[in-house]
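Participant: predicted coordinates and the sequence they were generated for:
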Amino acid sequence: METWTVETDDDGGLLEVHSFGNAGGAAFPGAPRATSGPGVVLVHGTLVTDSLYWQFARHLSALLGRPVHTYNRRGRGGSAPQPSDYSAETEINDLTAVMKASESTEVVGHSFGGFVALQTARLGAISRLVTYDAAVSFSGSLNGRWRPELEESLTAGQLDQAWAHLVQGLGTAGPISYLPLGALRLLSILSAKTRLGYEMRGLLPAAVLEMHAVLDAESSVEDFADLDTPTLMLSGGWSPAYFAAIARQVAAVAPAVESGVVPFHFHDGPIRPGKLLAERTAKYLAA
C-alpha cells in the first residue's frame with residue numbers, strides 16, 4: 001500500500017489517498033506509476049474511514065490486475081475538514097481531483113460514496129461505475145429516514161442517543177437497526193470502548209452534513225435518464241429494501257444503468273470478509 005495526498009481545489013487542503021496494486025516509476029508526486037492500466041477509485045460511506053475498505057481494494061486490484069485507490073473523504077484521517085460551505089459539490093470536486101491525480105477513469109462507490117459517484121458520473125467524468133447501496137433521494141424518498149432528533153441529540157452532546165437515531169432511521173446496521181432506542185444507546189456506550197465504535201461517534205457531525213448533502217441534492221429519478229456512464233447499481237440481499245428500489249428506479253429510466261442484488265450481503269458488504277462482492281464488481285469493470 002502506498003500513501004500519498006491530493007490537493008483540494010478550494011482552500012489548498014489535502015486528501016489522504018491509499019493505493020493498492022501499483023508498480024513502477026513515478027506518475028505523480030508521492031505515488032508510484034501503475035503499469036497495468038487505468039486505476040479505479042473507491043469512495044467510502046459515512047461514519048467510517050477508508051481503512052475499512054483496504055481489504056476490498058486489495059481483492060479488487062488483484063482481480064482486475066490494476067491499481068485501486070481509496071481516499072479519506074473530508075473530516076477523516078489526514079484529509080482536510082469539511083468546509084463551512086460543504087455540499088455535494090465539495091465531494092464531487094474531491095473525487096474528480098483524486099481521479100485526475102491517480103489517472104483513474106473508473107469508480108466504485110458505497111452508500112454515501114455511491115451518491116457521490118453517481119452525481120460525478122452525471123458530469124461525464126467517469127468511464128465505468130459500480131455502486132453498492134447508493135444513497136440517493138428521489139422526490140423525498142429518504143426524507144423520512146433522517147430524524148431531526150439526531151441533530152438535537154448531537155447538539156446536546158448526547159452522542160449515544162444521536163447514534164441510536166441514525167442507526168434506527170437509516171436501518172443500515174442489519175437486525176440491530178430494529179432494536180429499541182434504549183438498547184441501541186446501550187450498544188453505543190459499549191461500542192465506544194472499541195476503536196471502530198469510538199471512531200464512528202467522532203464522525204457523527206460529519207454524517208449530519210453528509211445526509212443534508214443528499215437531501216439538498218433532491219431530484220427526480222427522471223433527472224438520471226441522461227446518465228450515459230455504463231453503471232452497475234448493486235444492493236445487498238439483506239440491505240434495507242429502499243436501496244434496491246433506488247437502483248431499480250435508476251435502471252428503469254437510464255439505458256446505461258443496470259441493477260443487481262448480491263445475495264446474503266448486508267449494507268456493510270464492502271467492509272466484511274469475503275470476495276463475492278469484489279468478484280461481482282471486478283467482472284463488471286472488466287467487461
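Facilitator: Right, received. Where do you want to start?

Participant: for stretch 74-93, which outside residues touch it?
Facilitator: The contact list for stretch 74-93, computed with CB atoms under 8 Å, 6 or more residues apart in numbering, reads 5, 8-11, 13-16, 49-51, 71-73, 94, 115-116, 119-120, 123, 203, 205-206, 209, 213-214, 216-217. Every C-beta, even on glycine, is put in place using the N, C-alpha and C of the backbone.

Participant: filter the residues you listed down to the buried ones, PyMOL style.
Facilitator: Here is the PyMOL command that selects the buried residues among these (16 or more other CB atoms under 10 Å):
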select buried, resi 5+8+13+15+16+49+50+51+71+72+73+94+115+116+119+120+203+205+206+209+213+214+217
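
Participant: so which of the contacts of stretch 74-93 belong to strands?
Facilitator: Of the contacts of stretch 74-93, the ones assigned to strands by DSSP state E are 5, 14-16, 71.

Participant: leaving out chain neighbours, which residue sits closest to residue 203?
Facilitator: In space, and not counting its chain neighbours, residue 203 is closest to residue 47: 5.0 Å by CB to CB, 6 or more residues apart in numbering.

Participant: same question, residue 177
Facilitator: Nearest non-adjacent residue to residue 177 (CB to CB, 6+ apart): residue 171, at 4.3 Å.

Participant: tell me the contacts of the one you found?
Facilitator: Per CB under 8 Å, 6+ apart, neighbours of residue 171: 145, 177-178, 240.

Participant: sorry, back to before: tell me which two in the ones in strands among the contacts of stretch 74-93 are the farthest apart.
Facilitator: Greatest spatial distance among these (CB to CB): 14 and 71, at 10.2 Å.

Participant: which residues are in contact with each of the two?
Facilitator: Shared contacts of residue 14 and residue 71, counting by CB under 8 Å, 6+ apart, come down to 6, 79.

Participant: wait, residue 125 sits on residue 97?
Facilitator: No - between residue 125 and residue 97 there is no contact under CB atoms under 8 Å: 10.7 Å.

Participant: could you check the pLDDT of the closest residue to residue 172 other than its chain neighbours?
Facilitator: Once flanking residues are discounted, residue 172 sits nearest to residue 267: 4.3 Å by CB to CB, 6+ apart. We have a pLDDT of 97 for residue 267.

Participant: check contacts around residue 270.
Facilitator: So residue 270 contacts 53, 56, 110, 132, 277 (CB under 8 Å, 6+ apart).

Participant: would you point out which residue is most central in the protein?
Facilitator: residue 113 (2.3 Å; CA atoms, centre = their mean).

Participant: that one - that's part of a strand, no?
Facilitator: No - Residue 113 is assigned helix when assessed by DSSP: H, G, I helix; E, B strand; the rest coil, not a strand.

Participant: any idea how far the closest residue to it other than its chain neighbours lies from residue 84?
Facilitator: Distances taken as CB to CB, 6+ apart put residue 43 closest to residue 113, at 3.2 Å, once the chain neighbours are dropped. Separation of residue 43 from residue 84 (CB to CB, to the nearest Å): 22 Å.

Participant: tell me which of the two has more neighbours.
Facilitator: residue 43 (26 against 5; other CB atoms under 10 Å).

Participant: thought that one was touching residue 106?
Facilitator: No - look at residue 43 against residue 106 with CB under 8 Å: they stay out of range, at 11.6 Å.

Participant: coming back round to it: list phi and psi for the residue nearest to residue 177.
Facilitator: phi 70, psi 30 (degrees, to the nearest 10).

Participant: same check, this time on the one 4 residues further on
Facilitator: Main-chain dihedrals, residue 175, degrees, to the nearest 10: phi -60, psi -30.

Participant: and the gap between it and residue 275?
Facilitator: On the measure of CB to CB, residue 175 and residue 275 end up 24 Å apart.

Participant: skipping its backbone neighbours, what lies nearest residue 122 in space?
Facilitator: residue 227 is the one closest to residue 122 (CB to CB, 6+ apart), at 5.7 Å.

Participant: let me redo that: residue 263
Facilitator: residue 237 (4.1 Å).
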